[in-house]
Structure formats: C-alpha cells, structure tokens
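Asker: just the structure for this:
(4 chains)
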There are 2 protein chains.
Amino acid sequence: MTLNRLSVYLRCLRRLQVEGVSRISSNELAQRFHLSSSQIRKDLAAFGEFGIRGVGYEVNALANHLRTLLGLDRTHRVVVLGAGNLGTALSQFPGLQQEAFRIVGLFDISPDKIGKTIGGYLVRPLDQLHQVVVETEARLGILTVPAQVAQESYDLLADAGITAVLNFAPAQIKPRRGTSLRSVDIRVILEELAHHAVSQSLEG
Amino acid sequence: MTLNRLSVYLRCLRRLQVEGVSRISSNELAQRFHLSSSQIRKDLAAFGEFGIRGVGYEVNALANHLRTLLGLDRTHRVVVLGAGNLGTALSQFPGLQQEAFRIVGLFDISPDKIGKTIGGYLVRPLDQLHQVVVETEARLGILTVPAQVAQESYDLLADAGITAVLNFAPAQIKPRRGTSLRSVDIRVILEELAHHAVSQSLEG
DNA sequence: GGGTGTGAAACCTTTCACAGCT
DNA sequence: AGCTGTGAAAGGTTTCACACCC
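Answerer: Numbering: from 1, shown residues only, chains lettered A, B, ... in the order given. Down below sits the predicted model:
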C-alpha cells in the first residue's frame, strides 16, 4: 500500500484539528481535501477498524492512530549531506525542525563551508559522519549533493548506518539492501509539467 | 504512461553522451542505471520505432527524439511564488537556469523582500504577476509559499494564465481544469522514509 | 438512516516470452 | 546471433456496490 497516503490523511486531520472539527465521514474528508472516499476507507481499514459505522471517524483518535502507524511518536534524527542552497533550505524547512524530525548534522566536502554556521547548523566535514550517526543514532539521511557524487554519498550514508535516504541529486542511484532510497528529481518533475503546460495551451 | 520515465531515460542518455557512448541496448541501459529493460523497450516503442533490432539504440538520435517528445526543444518560462528559503534555493537550482527552463519572475508578498535581489532575481510584488506572465508568456509556476496560502496562490497562478504548477506547500490543493498540478510534500516523503528506517532497523 | 468495512469488478502497470527484423 | 517491438500473462491498484453495524 502507498504509505504516503496515510501521511496525507494525517496532514488533513491536523488541519481539521486546528479548525475544531471532532468527527468526519470519509465522504466529507474526501470532498474537503479532494480525495477518494472509498480509498480513504480501504486505506484506513487495512490497519484496523478506526471508524464508527453510521457516524464516521473521530478526528483526534484517528490522528493519533496514524501518528503511531507512521512511527511519528518517536523522534527521527536526520543527517543532511550537501550544504548548498537546497541543503540549507531543507535544513530550515518548517516541519523538519519540529515534531518527529530533528536534524543532527549538516555535512559538506567544501573547506570554504566546513566550520561555518549555515542556517543555524554547523557545517561538518564528511569524516565526522560515521561518528555523528553512531552517537545520535540517526537513521535518516538527505542527499543534496551534485549528481556526480550522488552514488558515493549514498554509499557513505549506508556505511555509516543510515537506513533510509531521500535523494535530491539528479542521478540514478543503485540502492542497497538495508538502506531504502527515495529520489526526488526536480528537473524530471518540471519536464513532465512542461509537457502538460504545452498540451494545455494547445487545448485552450 | 508515466511520462516521468522518459525524463529519466533522457538524463541517463545525457550521461552516456558525456561518456562518449554512441550505441546502447535496452539491457545495458537497464543494468547501467538500475532500470527494467522490458519497460525501457515498451516505453520507447509507445512513441515510435527508435531502436535498431539486433543492435540497440543510437544514443544521440534517441536523446533528440526524447527532447522533442518532452517539449524540451523550446524554452519554458517559469514564475516562482514565494521567495523564502526553498523558493530562492530552487531559483538557483542548476538545470533550472539552463537548457529548456528560464525563471522570469520571483514573487513574494512580504514588503521586506519586495524590491530586493535574492539569488540574482528581483523579488516582485504579486500584483505584477499577471503582467509578467502575459509579457513573458510563462506557462509554468512553482509554489513555495506557506500551506495556508497555497490554494489562493495556485488560483492566482491559474488566473494569470499559468497552465502547470509544481507545488511544494504541504497542502491539498483543488486543481482546476486547464492548470495541471503536481505536488511534492517533503514532509510526506520523509514520513514514509521514517517508517522504512524503523522497519529496516528492526530487521538488521 | 447513514456510513463503515469489504469482496468483486474494472482498470492500469509491469513482467514475460517470443516473433520478426538486422 | 542478437536485440527490438509486442501480444499475452501476471501483478497491483482503484472503484463499485452492498452487507453489516451504529
């Protein structure tokens, strides 16, 4: 199952909590956030019976269930490799410094950056990576390095004990057993949208 | 079909061009970049017969075909809404200022930022959006605004004539006919990875 | 009545395996 | 001989529709 959707539901529920909504049906939830009601029910039912027939879902209870299911009831330590523009922007991303995530190390290879404080984080040299990962028990890594060094950077993270990596480098990384990999290539996404943009313009 | 894969193939071909490879089979391509050879053949064959049976694919020719298919033979003007950390980082992202994309406007609502130059781009007020989009014929928009104003920002872009939007705000946007939407929620991706990280650690 | 939980149906994607071309 | 292009098979996901419970 696409675990991502549980995250999206949780984001929606957080919104409802702010608005003071205490109960909601799958249909209302779907309409309110442009989702599919049957998919919501299937997804949630796959992990237990969280709803009340004839009534709907209790917002607070469901949010807590999802938080537990997603493992957000603990703090996840994150290391970031690459203190360029994207790396520093992500380090300061709201939602990455609060709740379940905490950045415990920002690393770079450039002597110009090492030792400096960028966006509130001290930039460390790569040879401290292993030590930091062991000491902080970090499990998550973010890669914002140039494409040429993406593979070796991923391997460094894996060797240091990181078990899940989010890669922003535009490169095809060979994943290892034991260290999940999720890549986001902004260029690839934009190229898809460029295609849409052109088709749309022709239609209208 | 997942148009994204054509982009990935193109990225791989660019790499091969740099390495001076002139011909490649679907099998080599798959092994080299950790893809599926039958999927490569299916994807490519869906748009024409680009390969030579018994030989493979001509790297340069195929790259050019893909560039045309993806609409990368023209320049796409892009406007960015939100001159925060992520917005400015993306404005300077390599690959967004070269080849087929060109940023023609960086917009923000904050009076502190308007008029200043951030990352080489003048920050403009939102009321200039429509004019800039019309004058530059921009079709692509990037949203790096806070979640609370994501919907209205998307609507502003759509009203201005933007036909494809890449949204980084952690909000569920209601798409309109005529303006495609692709959302990337870093929090959602990290939450999925957090789950993986925990499961992996238990296994090991 | 109203809304969840769920088998079954419809749909879409990926992999397989091989005919057919070079 | 070798590799593409492609129908057929397998696998997965989404939607439908309704039994069942509150």
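
Asker: hmm, A:F101 is touching B:L193, no?
Answerer: No - A:F101 is beyond contact range of B:L193, at 10.2 Å (criterion: C-beta atoms under 8 Å). All C-beta atoms are positioned from the backbone trio N, CA, C, and that covers glycine.

Asker: mind checking how far A:L202 is from B:G71?
Answerer: Distance, A:L202 to B:G71, using C-beta to C-beta, to the nearest Å: 11 Å.

Asker: pLDDT at the most centrally placed residue in chain A, what is it?
Answerer: Centrality entry for chain A: nearest residue to the mean C-alpha point is A:L166, 7.5 Å, by C-alpha atoms, centre = their mean. Here, the pLDDT recorded for A:L166 equals 98.

Asker: who are the neighbours in contact with it?
Answerer: Going by C-beta atoms under 8 Å, 6 or more residues apart in numbering or on different chains, A:L166 touches A:L140, A:G141, A:I142, A:L143, A:R182, A:S183, A:V184, B:I186, B:I189, B:L190, B:L193.

Asker: can you pull out the helices in chain A?
Answerer: With DSSP state H as the criterion, chain A has helices at A:4-19, A:26-33, A:37-45, A:59-69, A:85-91, A:129-136, A:150-160, A:186-203.

Asker: distance from the third one to the middle of the chain?
Answerer: On the basis of C-alpha atoms, centre = their mean, to the nearest Å, helix A:37-45 is displaced by 22 Å from the centre of the chain it belongs to.

Asker: quick one: that helix to helix A:59-69, angle?
Answerer: Put simply, helix A:37-45 runs at 60 degrees to helix A:59-69, going by axes from the mean of the first three to the mean of the last three C-alpha atoms, to 10 degrees.

Asker: tell me the domain ranges of chain A?
Answerer: Per automatic domain parsing, the structural domains of chain A span A:4-69, A:76-188.

Asker: picking that back up, among the contacts of A:L166, name the buried ones.
Answerer: Among the contacts of A:L166, those scoring as buried are A:L140, A:G141, A:I142, A:L143, A:S183, B:I186, B:I189, B:L190, B:L193 (criterion: 16 or more other C-beta atoms under 10 Å in any protein chain shown).

Asker: now the fourth one: how far from DNA strand C?
Answerer: The span separating A:L143 from DNA strand C equals 23 Å under the rule C-beta to the nearest atom of the strand, to the nearest Å.

Asker: let me know the pLDDT of that residue.
Answerer: A:L143 is assigned 98 on the pLDDT scale.

Asker: just give me the neighbour total for the nearest residue to it once chain neighbours are set aside.
Answerer: Spatial nearest neighbour of A:L143, excluding adjacent residues (C-beta to C-beta, 6 or more residues apart in numbering or on different chains): A:N167 at 4.4 Å. For A:N167, the count of nearby residues is 25 (other C-beta atoms under 10 Å in any protein chain shown).

Asker: residue contacts, A:N167?
Answerer: A:I142, A:L143, A:A150, A:Y154, A:I173, A:L181, A:R182, A:S183, A:V184.

Asker: looks like the fifth one contacts A:S183 (just checking).
Answerer: Yes - here A:I173 lies in contact with A:S183, judged by C-beta under 8 Å, at a distance of 6.8 Å.
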